[in-house]
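Enquirer: I need the structure of the sequence given here:
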Amino acid sequence: MKMWISLMLLAVLTGCSSLGVKPWERDLLAQPDMQLISDPIEASLDDHVYFSKEGSSGGRGFGGGGCGCN
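Expert: Coordinates of the predicted model:
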């Protein structure tokens, strides 16, 4: 029983020991493939289509649209 408790305590204490990005990993995360929006022009066109179909500007954060439906 004490062995089990000590293993669980060890797992809890070492579970958060590697938070954050190391300096040598930042070059990989800064590459264009790792960006949330890799192609800003395509994202802009998608937003235009979405807002045109929604019927109002800023439709992503609000319920319903310009047509009166929810």
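Enquirer: tell me the centre residue of this protein?
Expert: Centroid-nearest residue in the chain: L36, 7.5 Å away (criterion: Cα atoms, centre = their mean).
Enquirer: residue ranges for the helices of the protein, please.
Expert: Counting by DSSP state H, the chain has helices at residues 2-14, 26-29, 40-54.
Enquirer: out of those helices, deepest packed?
Expert: Comparing the helices of the chain by mean neighbour count (mean count of other Cβ atoms under 10 Å), helix 40-54 ranks first with a mean of 11. Yep, even glycine has a C-beta here, placed from its N, CA and C like the rest.
Enquirer: For it, what does the pLDDT average out to?
Expert: Mean per-residue pLDDT for helix 40-54: 80.
Enquirer: go on, stretch 11-20?
Expert: Averaged across stretch 11-20, the pLDDT comes to 77.
Enquirer: Dump that stretch to CSV, keeping only the CA atoms.
Expert: The C-alpha coordinates for stretch 11-20 follow below in CSV (Å, rounded to 0.1, in the frame of the first residue of the first chain):
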residue,chain,number,x,y,z
ALA,A,11,3.8,10.6,-10.6
VAL,A,12,1.9,13.7,-9.4
LEU,A,13,5.1,15.6,-8.5
THR,A,14,6.8,14.9,-11.9
GLY,A,15,3.7,15.3,-14.1
CYS,A,16,4.1,19.0,-14.6
SER,A,17,7.8,19.2,-14.7
SER,A,18,8.1,19.8,-18.5
LEU,A,19,5.7,22.7,-19.1
GLY,A,20,6.5,25.3,-21.7
